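S.K.: Following is a predicted model, sequence given first.
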Amino acid sequence: MRTRFPPSPTGFLHVGALRTALYNYLIAKQAQGTFLLRIEDTDQERSVPGAVENILRSLDAAGIPPDEGVVLRDGRVAQEGSKGPYFQSERLPLYRRYADELLEKGHAYRCFCTLDRLGEMRKAQEARKRAPMYDRRCLELLEEEFQSKLTAKTPHVIRMKVPHERIIRFEDDIRGTLTFQAHTVDDQVLLKSDGFPTYHLAHVVDDHLMDIDLVLRGEEWLSSLPKHLLLFEFLEWKPPRYAHVPLLLNKDKTKLSKRQNSVAVEEYLAKGFLPEALLNFLALLGWNPGTTQELFSLQDLIEQFSLERVQKSGAFFDLEKLHWLQGQWMRRIPLLDFAARIRPIVEEKFSKAKDDDRFEEKAELIQERIAFFHEAPAMLSFFYEEPTITIELLVNEKQKVTRELIVPIMKLLMEILSEIPREDWKYQQIRDHLGRYHLQAPMKETAKKLELAFSENTALTVSKLQPCPYSKGQVLWVLRSSLTGLQFSPGAYEVAEVLGKEETLRRLDRSSALASA
RNA sequence: GGCCCCAUCGUCUAACGGUUAGGACAGUAGGUUCUCAUCCUGCAAAUCGGAGUUCGAUUCUCCGUGGGGCUGCCA
């Protein structure tokens, strides 16, 4: 199975194109086939320098690099494979040859009409509410007129001659039977006056010569399918299978555009979206597994993707779902990988992190709290720099922490926490020890059970068991905000554990001094 | 205008012609939690309209309607 992805080098890789590329990639991979990339640089006006490399990099970053054709090798654009060249601009003689063949067979003709005349013709047709189509004036040229124009080297194009009486039927892999009346099909330009082919000729010639089995492309190509089918027939070649995938849509249901959305793959990647999330999201826009599975790795997709389950209607490019998938994939990164990913950005912000041999513990605290790697430094700031503590932060209405309560709570906190032996300074112990102080009357039963549990734990010094006048929320709010200086942060116990007993008490003391002042 | 394609919750979608029309995101109400995030539970939310075929249409056919794509010497 050979599939292909043929971008035009006009800029960046479009997310819609990435989805098409992905589907092509999946079809190839699930058959141990080849995913080929060809550059369609037949419009000299629109070609942008650097675009090829850019598109290839995006494909690479997304995780679906091509196997053949134009590829990236050691970071450089290269061509690989026996069916090359893979830049259409390097295949000009080929297109000319087949255009000549079509001319000889009477399936094409030269057209000397100027752009001006064509423009006027169209205007007139539109005025009469007729479909704009070439009027075949050059097909009726007198022989001598034709010869004189030819010898004068008058610029001209080659158009295909559509047999109007035909009805073209075709079986699309996604859409089923398609029917076209040939008389509504225009005599498409195949070879432009600059010697370059149009998409139509190039597509047919290349996909035949490159042994492509399936042409999976966007729905916008559906209406030119009859032209392509006719060309295959004229050249006496077997057409490939075709699958036209539905469009990705803006909110107003029009074709996804730069005007209304971010459409560059590189932009999403730069924002920190994981390739896994992006691919997962794109795969599900227009395809479904038939099960309730929502999360798909590339491998899952290779195993499960099928054209039968591709949708016929367009899909709104809804970023909400992408965000959710981003969170899902973020939390699925193995801790060590996650830590390695955020470490450089954290170090860049806080050089102290460079000699932190307990970085992973900190990373673990934030993994499920952030959606993007770049949020990490802000979430870990308090580990590497003295947090800024303010009364405004310490006071919390919802937790019922008033200004007056702050200092007493801190004193109590310091008293209780200092009882915990350094070697027991762990999440569970901190939590248990602290927990015993704010057991309120309704929780007596639990208190008894805990008492039992504690009595077996000789490592802890059981201090005076007394009802605490403050709620758990009050105590922990003061603790956590004193340690982090943040409104939102990882939990109080885990932060205290990672900070260590000494630092925890120091920060408490410092906050307390600040609050009393 | 012409040609072609499409049509299920707000969104992405599921449903051999027989289901209380299912799931996910978003929304909403709770729960867990010191905060935020996570996680869990509940709720609300859809077959574009009309004919026809059929014992029975989301599903098949036709006609409307709506939306989209194409209509370039762009791809």
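M.R.: Noted; the coordinates are in hand.
S.K.: For the closest residue to RNA strand B within chain A, which non-adjacent residue is closest in space?
M.R.: Proximity to RNA strand B, evaluated over chain A using C-beta to the nearest atom of the strand, is greatest for residue A:491 at 2.2 Å. For the C-beta atoms, the positions are set from N, CA and C on the backbone; glycine is no exception. Setting aside the residues directly before and after it, residue A:491 is nearest to residue A:480 in space (C-beta to C-beta, 6 or more residues apart in numbering), at 7.0 Å.
S.K.: Then residue A:81?
M.R.: Counting by C-beta to C-beta, 6+ apart, the residue nearest residue A:81 is residue A:68, at 3.9 Å.
S.K.: In contact with the one you found, which residues?
M.R.: Taking C-beta atoms under 8 Å, 6 or more residues apart in numbering, we find residue A:68 in contact with A:34-37, A:80-81, A:83, A:86.
S.K.: in the sheet, who's paired with it?
M.R.: On the basis of DSSP bridges, residue A:68 is bridged to residue A:36.
S.K.: Kindly confirm my reading that the residue nearest to residue A:491 forms part of a helix.
M.R.: Yes - in this structure, residue A:480 lies within a helix as judged by DSSP: H, G, I helix; E, B strand; the rest coil.
S.K.: show me what contacts it?
M.R.: Contacts for residue A:480 (C-beta under 8 Å, 6+ apart) come out as A:489, A:491-492, A:495.
S.K.: Scan the residues you listed and report the most crowded one.
M.R.: Tallying neighbours with other C-beta atoms under 10 Å puts residue A:492 at the head of the contacts of residue A:480, with 24 neighbours.
S.K.: looking at it, that residue is touching residue A:476, isn't it?
M.R.: Yes - if you go by C-beta atoms under 8 Å, residue A:492 and residue A:476 touch, sitting 4.6 Å apart.
S.K.: before we move on, the earlier item: are any of the contacts of residue A:68 buried, and which?
M.R.: Neighbour counting with 16 or more other C-beta atoms under 10 Å marks A:34-37, A:81, A:83, A:86 as buried within these.
S.K.: Just send those back as a markdown table, with pLDDT and distance to residue A:337 too.
M.R.: Output for these, formatted as a markdown table (pLDDT from 0 to 100; distance: C-beta to C-beta, whole Å):
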| residue | pLDDT | distance to residue A:337 |
| --- | --- | --- |
| A:34 | 98 | 30 |
| A:35 | 98 | 26 |
| A:36 | 98 | 32 |
| A:37 | 98 | 29 |
| A:81 | 95 | 34 |
| A:83 | 96 | 38 |
| A:86 | 98 | 35 |
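S.K.: for these, which one is nearest residue A:59?
M.R.: Set against residue A:59, the nearest of these by C-beta to C-beta is residue A:37 (7.5 Å).
S.K.: Quick check: closest non-adjacent residue to the closest one.
M.R.: Distances taken as C-beta to C-beta, 6+ apart put residue A:66 closest to residue A:37, at 3.6 Å, once the chain neighbours are dropped.
S.K.: Surely that neighbour touches residue A:60?
M.R.: No - if you go by C-beta under 8 Å, residue A:66 and residue A:60 don't touch, sitting 9.3 Å apart.
S.K.: And these two? Which one has more around it.
M.R.: For residue A:66 versus residue A:60, the count of surrounding residues by other C-beta under 10 Å is larger for residue A:66: 26 against 15.
S.K.: Report the contact partners of the more buried one.
M.R.: A:5, A:35-37, A:56, A:59.
S.K.: hey, where'd the helices end up in the stretch 301-450 of chain A?
M.R.: A:319-331, A:335-349, A:359-366, A:376-384, A:391-394, A:403-418, A:427-435, A:444-455 (DSSP state H, counting those that start in this stretch).
S.K.: Contacts for the longest one next, please.
M.R.: What that stands for is helix A:403-418. The contact list for helix A:403-418 (C-beta under 8 Å, 6+ apart) reads A:391, A:394-395, A:401, A:430, A:433-434, A:437, A:463, A:468, A:470, A:474-475, A:478-479, A:482, A:496, A:501, A:504-505, A:508-509, A:511-512, A:515-516.
S.K.: Weed out the non-buried ones from these.
M.R.: A:394-395, A:401, A:430, A:433-434, A:437, A:468, A:470, A:474-475, A:478-479, A:482, A:496, A:501, A:504-505, A:508, A:511-512, A:515.
S.K.: Keep only those of the residues you listed that are also close to RNA strand B.
M.R.: By C-beta under 7 Å from any atom of the strand, the members of the buried ones among the contacts of helix A:403-418 lying near RNA strand B are residue A:479.
S.K.: So which bits of the stretch 251-400 of chain A are right by RNA strand B?
M.R.: The interface of the stretch 251-400 of chain A toward RNA strand B, taken as C-beta under 7 Å from any atom of the strand, is made up of A:252-255, A:284-286, A:288, A:290, A:292, A:294, A:309, A:311-316, A:318, A:320-321, A:323-324, A:327-328, A:331, A:368-369, A:398-399.
S.K.: at 6 Å what do you get?
M.R.: Selection of the stretch 251-400 of chain A residues close to RNA strand B by C-beta under 6 Å from any atom of the strand yields A:253-255, A:284-286, A:288, A:290, A:292, A:294, A:309, A:311-316, A:318, A:320-321, A:324, A:327, A:368-369, A:399.
S.K.: For ChimeraX, write the selection for the buried entries among those.
M.R.: The following ChimeraX line selects those of these that are buried, judged by 16+ other C-beta under 10 Å:
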select /A:284,285,286,314,315,321,327,399
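S.K.: ok, and the closest non-adjacent residue to residue A:183?
M.R.: Going by C-beta to C-beta, 6+ apart, residue A:183 has residue A:164 as its nearest residue, at 4.0 Å.
S.K.: Tell me the confidence at the residue nearest to residue A:81?
M.R.: What the model reports as pLDDT for residue A:68 is 98.
S.K.: Equivalent analysis for the one 5 residues further on, please.
M.R.: What the model reports as pLDDT for residue A:73 is 95.
S.K.: ok now do the nearest residue to it once chain neighbours are set aside, which residues does it touch?
M.R.: Distance criterion C-beta to C-beta, 6+ apart; nearest residue to residue A:73, sequence neighbours excluded, is residue A:80 at 7.4 Å. In this structure, residue A:80 makes contact with A:68-69, A:71, A:73, judged by C-beta under 8 Å, 6+ apart.
S.K.: Equivalent analysis for residue A:3, please.
M.R.: By C-beta under 8 Å, 6+ apart, the residues touching residue A:3 are A:24-25, A:27-28, A:33-36, A:212-214, A:216.
S.K.: what's the closest non-adjacent residue to residue A:102?
M.R.: residue A:108 (3.8 Å).
S.K.: That neighbour: what's it in contact with?
M.R.: Residue A:108 makes contact with A:99, A:102, A:158-161, A:190, A:234, according to C-beta under 8 Å, 6+ apart.
S.K.: circling back to that earlier point, from the contacts of residue A:68, which is closest to residue A:240?
M.R.: Set against residue A:240, the nearest of the contacts of residue A:68 by C-beta to C-beta is residue A:36 (12.3 Å).
S.K.: Let me see the contact set for that closest one.
M.R.: Taking C-beta under 8 Å, 6+ apart, one finds A:2-5, A:66-69, A:81, A:83, A:86, A:210, A:212 in contact with residue A:36.
S.K.: how far away is it from residue A:476?
M.R.: For residue A:36, the distance to residue A:476 equals 59 Å [C-beta to C-beta, to the nearest Å].
S.K.: With adjacent residues omitted, what lies nearest to the residue positioned nearest the centre of chain A?
M.R.: Relative to the mean C-alpha position of chain A, the nearest C-alpha, by C-alpha atoms, centre = their mean, is the one of residue A:278, at 2.7 Å. Residue nearest to residue A:278 in three dimensions, not counting chain neighbours: residue A:268, with 5.8 Å by C-beta to C-beta, 6+ apart.
S.K.: thought residue A:389 was touching residue A:481?
M.R.: Yes - counting by C-beta under 8 Å, residue A:481 is a contact partner of residue A:389 at 7.3 Å.
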